[in-house]
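**Q** model this:
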Amino acid sequence: MPLTKTRVVKWKESLKLQKPIKNSKTYSLEVIDVVQGLRIPDNLFATIPDAPWIISRRKSPVGDIPRVGTELNWQDVTGSWKARWGINRMNFNVVPGLYCVGEPDDSSPVFVTANYKMTFDRVRKALAGMSAWILVLDTRGINVWCAAGKGTFGTAELIRRIALAGLGQIVSHRTIIVPQLGATGVAAHEVRKQTGFKVIYGPVRAEDISAFVTSGMKATREMRRIKFDFYDRLVLTPVELTGLRKPLLIIMLAFIFTHITGIFKITLLDLYAFMGAILVGAVITPVLLPWIPGRAFSFKGWLLGMLWAVLVINWGAYLSRPHGLWVSLSQILILPAISAFLALQFTGASTFTSLSGVKKEMKVAMPVIIISTVLGLATWLAGRFI
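**A** Residues are numbered from 1 along each chain as shown. Just a heads-up that it's a prediction; the model follows:
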């Protein structure tokens, strides 16, 4: 049904709209649109369809809010595994809106998260044994950290979602808990100015939520620390590999074509060398990142790629199939360049970098990688004819 005059007044009071946000006309219009232009159904949460993780519905002043379970089933686990490997990744999300766990009341805490299903699952699992509200923002299926950088986990979306959920009518307090990794996208003072809700930044990891609540909503130094340890880096490598599927397919088809037609003979050792350089750059370098000398990711990848090239050349000699001077030189030029390029891609997934640092590194590294690759291919071709 369209907004009635009474409904508009009620929602305006809930939002406590004040001054437009500086330098953000779109932002202001979005908030106004929420209270004046949207068609608000009688049951705001009827649009959230049933799902395996929704176990029931809880009645509230603004409708029946989905209650989610805190135990993950095999579908949740396999869904996360497939998303890691890029399978149905962009559809692995939940409908934005307000959810709950346990038996929350108007004094229960409100946790804000992204609508990436893997993130949502970690939050609801961490809330086992608690009664709380979960406000899910529309981050286009992206995790909190990346979405904060892109702006989808941001101030405007948070204000908009607070209004759409009718949060001011559901809880009596005016506090919401935003994950620390979302802090770069959320201006707490603007959220409070526009909605009346105070933003508290929670711990980095969902696993620390219980201890955070127990300590009176205060995060310890350890809870604030971003570890990005061996396992954290390892689980991100499948995404790096799956992103290479199309270019790898094209390259492999080119290898097969040149081999079958007799233009160039591609040996198994050539394939091992190429695939090894990919694994060095996309897997081994990210996993061993802190222990590889240097600061630049591309240099770290280049260094391990050079070690791999030397190993390949010596391996060929050991198998009594020594490479000629030209081929060996081409491998020294090409293999480290491949590893350096792939290691450079990991800057977008690491906590060790900044946007300005990445841009600076790319300006230096990309020309070197391109020149090295071109020279390597020219050397390889020369070796075939000389």
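
**Q** what ranges do the strands span in the protein?
**A** Remark: strands assigned in the chain by DSSP state E are 54-60, 63-68, 97-101, 110-114, 132-137, 175-178, 198-201.

**Q** averaged pLDDT, stretch 54-73. What do you get?
**A** Here stretch 54-73 scores 91 as its mean pLDDT.

**Q** any chance you could list what contacts it?
**A** 42-46, 48, 52-53, 97-104, 121, 124-125, 127-129, 133-134, 165-166, 169-170 (C-beta atoms under 8 Å, 6 or more residues apart in numbering). For every residue, glycine as well, the C-beta is placed using N, CA and C.

**Q** please indicate which of the strands of the chain has the most neighbours on average?
**A** Highest mean neighbour count among these (mean count of other C-beta atoms under 10 Å): strand 110-114, with a mean of 27.

**Q** and that strand with strand 132-137, angle?
**A** 30 degrees (axes from the mean of the first three to the mean of the last three C-alpha atoms, to 10 degrees).

**Q** quick one: E157 and L137 touch, right?
**A** Yes. Using C-beta atoms under 8 Å, E157 is in contact with L137, at 5.0 Å.

**Q** gap between the two ends of stretch 221-236?
**A** 25 Å (C-alpha to C-alpha, to the nearest Å).

**Q** could I get the buried residue list for that stretch?
**A** Within stretch 221-236, the residues scored as buried using 16 or more other C-beta atoms under 10 Å are 223, 228, 233, 236.

**Q** before we move on, back to that, of all the strands of the chain, which one is nearest T379?
**A** Among these, the nearest to T379 by C-beta to C-beta is strand 110-114 (47.5 Å).

**Q** contacting residues around L288?
**A** L304.

**Q** any idea how far G301 is from it?
**A** Separation of L288 from G301 (C-beta to C-beta, to the nearest Å): 11 Å.

**Q** cool, G151 as well?
**A** For G151, the distance to G301 - C-beta to C-beta - is 29 Å.

**Q** then G166?
**A** 50 Å.

**Q** neighbour count winner among those two?
**A** G301 (33 against 20; other C-beta atoms under 10 Å).

**Q** where does the more buried one land on pLDDT?
**A** Reading off the model, G301 has pLDDT 96.

**Q** contact partners for the nearest residue to it once chain neighbours are set aside?
**A** Spatially, and ignoring its direct neighbours in sequence, G301 is nearest to A343 (2.6 Å; C-beta to C-beta, 6 or more residues apart in numbering). By C-beta under 8 Å, 6+ apart, the residues touching A343 are 281-282, 285-286, 297-298, 300-302, 304.

**Q** before we move on, what about V112?
**A** Here V112 is in contact with 134-137, 158, 176-179, 182 (criterion: C-beta under 8 Å, 6+ apart).

**Q** rewinding a little: of all the strands of the chain, which one is nearest D270?
**A** That would be strand 110-114 among these, by C-beta to C-beta, at 43.4 Å.

**Q** ok so, going back, now tabulate the contacts of A343 in a markdown table and tack on distance to L241.
**A** A markdown table is the format used below for the contacts of A343 (distance: C-beta to C-beta, whole Å):
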| residue | distance to L241 |
| --- | --- |
| G281 | 10 |
| A282 | 5 |
| T285 | 13 |
| P286 | 11 |
| F297 | 17 |
| S298 | 18 |
| K300 | 18 |
| G301 | 14 |
| W302 | 19 |
| L304 | 16 |
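
**Q** of these, just say which sits nearest to I200.
**A** P286 (32.8 Å).

**Q** and the closest one, how many neighbours?
**A** Neighbours of P286 (other C-beta under 10 Å): 24.
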